[in-house]
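Undergrad: Starting from these lines, generate the structure:
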Amino acid sequence: MIRYEDIGRQVREAEYAVRGPIVARAQELERQGRKVIYCNIGNPQSLGQKPITWVRQVIALVEYPELIERAPAGTFPEDVVATARHILASSYGPGAYTESKGYRFVREAVAEYIHARDGISSDPEAIFLTDGASKGVQAALRLLIAGERDGIMIPIPQYPLYSATITLYGGALVPYHLLENAQWKLSREVLEKAYEAARARDIRPRAVCVINPGNPTGGVLDERNVEMVIDFARERGLSVLADEVYQANVWLAGDRFVSFASVLERKKVRDVSLFSFHSVSKGFLGECGHRGGYLECRNVPGPVLDEITKLQSISLCANSVGQLATYLLVRPPRRGEPSFPLYEKERSEVLETLRTKAQIVERGLNAVPGIQCNRVAGAMYAFPKIQLPPGVTDDDYCLALLEETGICVVPGSGFGQDPGTAHFRTTILPPMSEIEAVVKRIAEFHVAFTRRKGA
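TA: Down below sits the predicted model:
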């Protein structure tokens, strides 16, 4: 019989707060009949966001091709049928394995999407289709971490996929702190300080990771920040991991998403390896369960790409329907096609609703004494700072919030935070019919909790 002590140290030490003990307690309460509002994870459709019709119609026909002939005329728009026929003609159907890198026609579509987005060329052979962005991140980290002295620079706060995977692979965490008082921007000084601190511990930093727009912070980097990171990586001989899954989720007028690939190419940098990630889970699709995404590599030598292919082939391939969801993300209906008006309407409604909810959450939290929330500039989260009574942790706070209100959020300690501060992360995803009530309940809880605990 296997014992807990028999499990590898790296597995035991890896932590993933987004689905940690508080979420386990939430599920227990739900089984007892309590209503729980899960604000712990960016899972849009679980909180009522409707699927995009284009995605579900095409996938339905690909999964059950007989519908193409059997459905009454006019059931599916012509471009949906044509797209399903194209997918079926380009594959052996979704029940068959694909190439290890993923469907070639999907990788070509991803390359065209990147070209249209940034005005730069993209090589389909340097694109890998993955089970969500997470598997792409894990593949890149697996390449970069060869031993316990190999370090990965990660932002604090960070998405715990990074800390957990680095721990699991036996590498070293090299944290650099985002500037909360500057809307979560990056600082060259902070990067240098983190790098030198790692070298002083005999850690060799191998890469710097950036999440833009930010998770959990909701911050959006401007072009100068992106340039600064690339210059830093170039001077220090680092690779860059660019987590760009929230690129469609930018809420403030005047802000825009700037890809690392576009800046890398504009500056003609050829000596920094870039691994960038995108996903169907976020943006406006919210297709989390389909687990679709891609990894694009730039300035990565052919033999290294071959090793990524080998890693992919160990699992045979990413799931086929997730690959198809990725195709439908990067190759949507075009203007003039039958599905375009509905697609554009649904897309705009999702994004505008999220924009409104970001404002509601930010405004509502900032109105509470003892809570300070930066602008929710992008992504799907707020990461407010909370003032707590002495001896009370953010874990205590979030567990009490769950028990008393049924609202499930994640303690800031699960993402990392400046010493002496406390935060929690909440999504902005509850339905419009509930979002203001959720914020009000958090506000009422905070006032009552801190008064009761003696703040």
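Undergrad: in this protein, which spans are strands?
TA: 37-38, 127-130, 150-156, 172-177, 204-211, 239-243, 274-279, 293-298, 371-372, 381-382, 385-386, 407-408, 410-411, 424-427 (DSSP state E).
Undergrad: Hey, what's the angle from the fourth one to strand 150-156? Just curious.
TA: For strand 172-177 against strand 150-156, the angle by axes from the mean of the first three to the mean of the last three CA atoms, to 10 degrees is 30 degrees.
Undergrad: and the angle from strand 172-177 to strand 204-211?
TA: With the same axes, to 10 degrees applied, the angle from strand 172-177 to strand 204-211 works out at 50 degrees.
Undergrad: Within its sheet, name the partner strands of strand 172-177 and how each one runs.
TA: Neighbouring strands of strand 172-177 in its sheet, by DSSP bridges, are strand 150-156 (parallel).
Undergrad: List the contacts of residue 289.
TA: Counting by CB atoms under 8 Å, 6 or more residues apart in numbering, residue 289 touches residue 45. C-beta here means a position set from N, CA and C on the backbone, and glycine is covered the same way.
Undergrad: Sort out which residues of the lengthiest helix in the chain are buried, please.
TA: If you go by DSSP state H, the chain has its longest helix at helix 340-366. The neighbour-count check on helix 340-366 (16 or more other CB atoms under 10 Å) flags 340, 343, 346-347, 350-351, 353-355, 357-358, 360-362, 364-365 as buried.
Undergrad: And stretch 246-263, by the same measure?
TA: 246-251, 255, 257-263.
Undergrad: Farthest-apart pair in these, please.
TA: Across those, the longest distance by CB to CB is 22.6 Å; it joins 251 and 261.
Undergrad: would you list every one of the helices in the stretch 101-250 of the chain?
TA: 104-118, 132-144, 161-168, 188-200, 223-236 (DSSP state H, counting those that start in this stretch).
Undergrad: brain fart, the stretch 351-455 of the chain
TA: Using DSSP H, counting those that start in this stretch, helices in the stretch 351-455 of the chain cover 394-405, 432-453.
Undergrad: So, low pLDDT: which residues of this structure?
TA: Scanning the chain for pLDDT under 70 picks out 4, 6-8, 11-19, 454-455.
Undergrad: ok, now how distant is residue 343 from residue 169?
TA: Distance of residue 343 to residue 169, computed by CB to CB, to the nearest Å: 40 Å.
Undergrad: can you give me phi and psi for residue 65?
TA: Phi and psi for residue 65, reported as degrees, to the nearest 10, are phi -60, psi -20.
Undergrad: roughly how far apart are it and residue 106?
TA: In terms of CB to CB, residue 65 sits 18 Å off from residue 106.
Undergrad: got it, and residue 244?
TA: Using CB to CB, one gets 18 Å for the distance from residue 244 to residue 106.
Undergrad: Neighbour count: these two, which is higher?
TA: Between residue 244 and residue 106, counting by other CB atoms under 10 Å, residue 106 is the more crowded of the two (31 against 22).
Undergrad: Thought residue 322 was touching that one, still the case?
TA: No. With contact defined as CB atoms under 8 Å, residue 106 does not count as touching residue 322 (10.1 Å).
Undergrad: Mind listing the shared neighbours of those two?
TA: Common neighbours of residue 106 and residue 322 (CB under 8 Å, 6+ apart) are residue 129.
Undergrad: Give me the residue at the spatial middle of this structure.
TA: The chain has residue 245 as the residue nearest its centroid, 4.8 Å off, counting by CA atoms, centre = their mean.
Undergrad: What residues does that residue make contact with?
TA: Contacts for residue 245 (CB under 8 Å, 6+ apart) come out as 133, 277-279, 281-283, 293.
Undergrad: what number of residues lie near the residue nearest to residue 298 when sequence neighbours are not counted?
TA: Take residue 298 and drop its neighbours on the chain: the residue closest to it by CB to CB, 6 or more residues apart in numbering is residue 274, 4.3 Å away. Applying other CB under 10 Å, we find 24 residues neighbouring residue 274.
Undergrad: And for residue 441?
TA: A count of nearby residues for residue 441, using other CB under 10 Å, gives 17.
Undergrad: Isn't it up against residue 405?
TA: Yes. Counting by CB under 8 Å, residue 441 touches residue 405, with 4.7 Å between them.
Undergrad: I'd like to know how many residues surround residue 327.
TA: Quick note: residue 327 (other CB under 10 Å) scores 28 neighbours.
Undergrad: so who does the closest residue to it other than its chain neighbours touch?
TA: Closest residue in space to residue 327, ignoring its immediate chain neighbours: residue 106 at 4.4 Å, by CB to CB, 6+ apart. Listed by CB under 8 Å, 6+ apart, the contact set of residue 106 reads 129, 323-324, 326-327, 330.
Undergrad: swap in residue 47?
TA: Contacts of residue 47 (CB under 8 Å, 6+ apart): 37-38, 427, 429-431.
Undergrad: List buried residues within these.
TA: Using 16+ other CB under 10 Å as the burial test, these include 37-38, 427, 429-430 as buried.
Undergrad: ok, those vs residue 22, which is closest?
TA: residue 38 (10.7 Å).
Undergrad: so the closest one bridges to which residues?
TA: What pairs with residue 38, by the bridge criterion (DSSP bridges), is residue 408.
Undergrad: That one and residue 44 touch, don't they?
TA: No. Contact between residue 38 and residue 44 fails when scored by CB under 8 Å: they sit 11.2 Å apart.
Undergrad: circling back to that earlier point, how about the contacts of residue 47 in a markdown table, adding distance to residue 374?
TA: Shown next, in a markdown table, are these (distance: CB to CB, whole Å):
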| residue | distance to residue 374 |
| --- | --- |
| 37 | 22 |
| 38 | 23 |
| 427 | 16 |
| 429 | 18 |
| 430 | 20 |
| 431 | 24 |
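Undergrad: List just the nearest of those residues to residue 145.
TA: residue 427 (30.1 Å).
Undergrad: Any idea what the closest one is bridged to?
TA: Beta-bridge partners for residue 427, by DSSP bridges, are residue 381.
Undergrad: so it makes contact with residue 46?
TA: No. Residue 427 is beyond contact range of residue 46, at 10.0 Å (criterion: CB under 8 Å).
Undergrad: And the contacts of stretch 325-336?
TA: By CB under 8 Å, 6+ apart, the residues outside stretch 325-336 that reach it are 54-55, 58-59, 79, 83, 87, 103, 105-106, 109-110, 112-113, 129, 280, 283, 285, 287, 290, 292-294, 339-340, 343, 347.
Undergrad: Repeat that for stretch 113-127.
TA: So stretch 113-127 is contacted by 101-102, 104, 107-108, 110-112, 259, 261-262, 265, 294-298, 300, 305, 330-331 (CB under 8 Å, 6+ apart).
Undergrad: Would you mind listing which of those residues are buried?
TA: Buried subset of those (neighbour count, 16+ other CB under 10 Å): 101-102, 104, 107-108, 110-111, 259, 261-262, 265, 294-298, 300, 305, 330-331.
Undergrad: count of residues packed around the residue lying closest to residue 198 once chain neighbours are set aside?
TA: Leaving aside its chain neighbours, residue 198 sits nearest to residue 174 (4.4 Å; criterion: CB to CB, 6+ apart). Using other CB under 10 Å, residue 174 is surrounded by 25 other residues.
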